[in-house]
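Trainee: Just to be clear, the model below is a prediction. Sequence and coordinates:
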Amino acid sequence: MKIKLLEIGSATEQLSACKLSLLLGVFTSNNRVEGFLKFARGILQANRGILCFHHEPYIWYSSTEGFKAFQAKKEANLASFFEGDTILTTPHKNYAAFSQHIDDLGVEHQRIVGFDLKINHTESIGQVILFDEQNEPFDQKNLELVHEFAMSLINIIELRSDYAELKELYEQQSALNFSKTKFFQIIAHDLRAPFHGLIGFSEVLAQERDTLDESNIQSIADYLLDTSQSTYNLLESLLNWAMAEGGRFVYHPINFNLKQSSKIVFDVLNGLAMNKDIQLIDRVPDDLKVYADINMVTSVLQNLVSNALKFTHMDGTGKVTISAEQSADFVDIYIQDTGLGMTASQIDELFSPRLTISFKGTAGEKGTGLGLVLCKRFVDLNQGTISVQSKEGAGTTFKVSLPIASNTHQALMLDEAKQAIS
């Protein structure tokens, strides 16, 4: 059996999976893999050489005919023959077995030497094999020289790996900084707009009070109250978001009955539901326990239920339901409404901090759009997931999955839970 050589390019479509090889520029004009193998062959006067990295789909092949590749085989497992050594030559106890194994893999030879590439002298990342059909042994001094050169190749890999990681972190941070800058620009604009109205109507009350009748005064008062409240909500959500992003929220997970959170949310928001002629239903089982931060979970449920009430019809047919069930290692919580629903484009931007102006509710309520961003942040902090299914005109269902209780520790009593939230 002989190896099937591949031309580097169209024949090596899995090249993107060769992380270390790409760090060494294997598909560029500055190909360190090819250069190393050519240099090592020249020192040892070996006709052929291969370099392989663990978990990469290709092995690199260098000979007098050029630089090519062939498909890696799972059964190769070359590192096991070295038994802690970094070089495997004729005196090594595993040399005969190693030579036969290489031959079985389709690499025919008469003499062979192997070098194990190790990071920090401990972790093997790949091997270099040099071989040909000659019978005379490799020169010992030349073997030592190639061994030192192989160690320098490892240093190059470490440096380029660190550089690539730092570059990725820099690009992520740059993108994050740009996103935050844009986000705060939008927030500043959204804060400035309501103040124009607040200042304008306050000026009318202060300077033109005598020209207004009770109806005008009441309209202005209603506007001032509504605008002040919505602006305060925006500031509060922005503060909470900034605290979450800055890591100032303390994540304190415990085992507790999910019903404790759902009941608090039901008690707080049922009055609002009744005022809007909407039926609020809590179907969370009494004995379903989760392992999470009760403050964050209650905040998430309250925000999702509040949003559901905001967008549910007020004609007496509207329903908002909180339910939950266990699935594998998670508890799946559902907040379902029969409201306005959302378009696909609205769903795509739902958890983005760029969305700071939300749509008006069925009673004309205004929102900041930051609430769902906080929900996503809190769910992530609790090692959970949040998703949504919705259809315009047919209602919305939010699904929050949280880790199930890890043991049978006593859950908090309801009064204690209320105190923790307050």
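Mentor: Perfect, thanks for sending it.

Trainee: Alpha carbons of stretch 251-262, in PDB - could you do that?
Mentor: The C-alpha coordinates for stretch 251-262 follow below in PDB (Å, rounded to 0.1, in the frame of the first residue of the first chain):
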ATOM      1  CA  TYR A 251     -24.200  35.600  40.600                       C
ATOM      2  CA  HIS A 252     -25.400  33.600  43.600                       C
ATOM      3  CA  PRO A 253     -27.100  30.300  42.400                       C
ATOM      4  CA  ILE A 254     -29.200  28.200  44.800                       C
ATOM      5  CA  ASN A 255     -31.600  25.300  44.500                       C
ATOM      6  CA  PHE A 256     -35.200  26.700  44.700                       C
ATOM      7  CA  ASN A 257     -38.700  26.000  43.600                       C
ATOM      8  CA  LEU A 258     -39.400  27.800  40.400                       C
ATOM      9  CA  LYS A 259     -42.900  28.400  41.700                       C
ATOM     10  CA  GLN A 260     -41.500  30.900  44.200                       C
ATOM     11  CA  SER A 261     -40.400  33.200  41.400                       C
ATOM     12  CA  SER A 262     -43.500  32.700  39.200                       C
END
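
Trainee: since we're on the closest residue to A17 other than its chain neighbours, how many residues are nearby?
Mentor: Residue nearest to A17 in three dimensions, not counting chain neighbours: P57, with 5.4 Å by C-beta to C-beta, 6 or more residues apart in numbering. All C-beta spots, glycine's among them, are computed from the backbone N, C-alpha and C. For P57, the count of nearby residues is 16 (other C-beta atoms under 10 Å).

Trainee: list the contacts for P57?
Mentor: Residues in contact with P57 (C-beta atoms under 8 Å, 6 or more residues apart in numbering) are Q14, A17, C18, Q71, A72.

Trainee: mind putting those in CSV, distance to Q127 included?
Mentor: As requested, these are arranged in CSV below (distance: C-beta to C-beta, whole Å):
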residue, distance to Q127
Q14, 20
A17, 18
C18, 15
Q71, 16
A72, 11
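
Trainee: mind putting those in CSV, neighbour count, distance to V204 and pLDDT included?
Mentor: Below are those laid out as CSV (neighbours: other C-beta atoms under 10 Å; distance: C-beta to C-beta, whole Å; pLDDT from 0 to 100):
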residue, neighbour count, distance to V204, pLDDT
Q14, 12, 71, 86
A17, 12, 68, 86
C18, 22, 71, 88
Q71, 14, 80, 89
A72, 18, 78, 87
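
Trainee: Return the member of those nearest to Y163.
Mentor: Comparing the contacts of P57 against Y163 with C-beta to C-beta picks out C18 as the nearest, at 17.5 Å.

Trainee: what separates the closest one from A69, distance-wise?
Mentor: For C18, the distance to A69 (C-beta to C-beta, to the nearest Å) stands at 9 Å.

Trainee: Now for the two: what residues contact both?
Mentor: With C-beta under 8 Å, 6+ apart, C18 and A69 have common neighbours Y58.

Trainee: which secondary structure element contains V400?
Mentor: Element membership of V400, judged by DSSP states H and E, is strand 396-403.

Trainee: List of residues touching that strand?
Mentor: By C-beta under 8 Å, 6+ apart, the surrounding residues in contact with strand 396-403 are 258, 290-292, 297, 300-301, 304, 308, 311, 327, 329-337, 339-342, 375, 379, 382-390.

Trainee: remind me which residues of this structure are low pLDDT?
Mentor: For the chain, applying pLDDT under 70 flags the ranges 1, 175-176, 178-191, 193, 230, 233-234, 236-249, 353-370, 407-422.

Trainee: Helices of that one, start to end?
Mentor: 19-23, 32-44, 79-82, 95-104, 140-207, 214-245, 258-275, 294-310, 344-348, 371-381, 414-421 (DSSP state H).
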